[in-house]
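Trainee: The following block contains a protein sequence and its predicted model.
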Amino acid sequence: MELEIDEPKVFNYSNIFFSCYTGNERGCYDMAQDHMLIYVCSGEMILQTRQTKIKIRMGECVFVRKDNRISIIKQPKGKEQFIGISLVFSRAFLREFYQTVDKNNLPLQVRKQSPSIVKLPQTPAIASLFQSMLPYFDTSTQPTDRIIKMKLQEGIYALLDIDEQFYPSLFDFTDPWKIDIVDFMEKNYTYDLSIEEIAHYTGRSLAAFKRDFKKLSDLPPQKWLMEKRLSVARDKLENEKKKVSDVYLEVGFKNISHFSTAYKKKFGYSPSVNPRQQA
């Protein structure tokens, strides 16, 4: 089935997302908080982590593991606009699904897969699942909660039929281990994460995160992040001789005006000035 869409559209039906872009590429860089299946109906999509880069074309599907930072670029392919559908498997949904599974048949000895993104083989189950959802996005008819739940369940079965190694990842409900706060922030200071998100990804409640962070630094977390970004920015500008227009993005600022104001307040001079060259 082909959709006639002339302008960008994004729908969300209770963890089933539809997106269509007719113009230039759309990119996002976000943390995947839940497991996802993403299917490309037309156009193409590029997913990248620190270790992996995968291109997904029309008719292909990818599994994105939760708690990983993913760069996603959605773009046309020739005259094909980008159209994609994503299924998001929340922790609550997976817990409910797990209660319906015969525990005696679970492959408990299978090792959990480690890749953040897994390109799936093209199967009839995957193709029919996503093709069956297209009519809901081409009309004003919203699927019922029962239909949405059924489609999410169908997605899980299609995934598990491909490889039993997905079992331990999908049905691991243990709380995350606490990880080193400073190490996490050193590696992820350039990303637009809230303090609540950082607490989550280091395995803590917000209160526990603030308490633990206070033991490590005299600065509040947001101030620590700002100091880190500005310190790295100065090194890039003064020692690596990089351009201001490149550096502000590299260290995590959203706009150059905010960066310039914060930089001058911290160091007493504009980021376009290199005091070492003037000395």
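Mentor: All right, it came through fine.

Trainee: what's next to stretch 156-176, contact-wise?
Mentor: 35, 37, 63, 65, 67, 89, 91, 94-95, 97-98, 101, 106-108, 110-113, 120-121, 123, 125-126, 129, 201, 203 (Cβ atoms under 8 Å, 6 or more residues apart in numbering). (Each C-beta comes from the backbone N, C-alpha and C, glycine too.)

Trainee: nope, stretch 82-89 is what I was after
Mentor: The contact list for stretch 82-89 (Cβ under 8 Å, 6+ apart) reads 3, 5, 15-21, 25-26, 34-45, 74-76, 130, 133-134, 137, 151-152, 155-156, 170.

Trainee: Run through this protein and note the low-pLDDT ranges.
Mentor: 1-11, 21-31, 108-110, 112-114, 139-140, 173-178, 275-279 (pLDDT under 70).

Trainee: And the strands in it?
Mentor: 9-12, 16-21, 26-32, 35-42, 44-48, 53-57, 61-64, 68-75, 82-89, 117-120 (DSSP state E).

Trainee: So what are the sheet partners of the fifth one and their directions?
Mentor: Partner strands and pairing direction for strand 44-48 (DSSP bridges) are strand 53-57 (antiparallel), strand 68-75 (antiparallel).

Trainee: returning to that earlier point: show me the contacts of stretch 156-176 that map onto helices.
Mentor: Within these, residues falling in helices by DSSP state H are 91, 94-95, 97-98, 125-126, 129, 201.

Trainee: Just the buried ones from those?
Mentor: By neighbour count, with 16 or more other Cβ atoms under 10 Å, the ones in helices among the contacts of stretch 156-176 hold 94, 97, 126, 129, 201 as buried.

Trainee: Isn't the third one up against residue 61?
Mentor: Yes. With contacts counted by Cβ atoms under 8 Å, residue 126 reaches residue 61, the gap being 5.0 Å.

Trainee: Find residues that contact each of those two.
Mentor: Between them, residue 126 and residue 61 share the contacting residues 37, 39, 120, judged by Cβ under 8 Å, 6+ apart.

Trainee: Can I get those in JSON lines including neighbour count and distance to residue 264?
Mentor: Shown next, in JSON lines, are the shared contacts of residue 126 and residue 61 (neighbours: other Cβ atoms under 10 Å; distance: Cβ to Cβ, whole Å):
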{"residue": "37", "neighbour count": "22", "distance to residue 264": "46"}
{"residue": "39", "neighbour count": "24", "distance to residue 264": "47"}
{"residue": "120", "neighbour count": "19", "distance to residue 264": "50"}
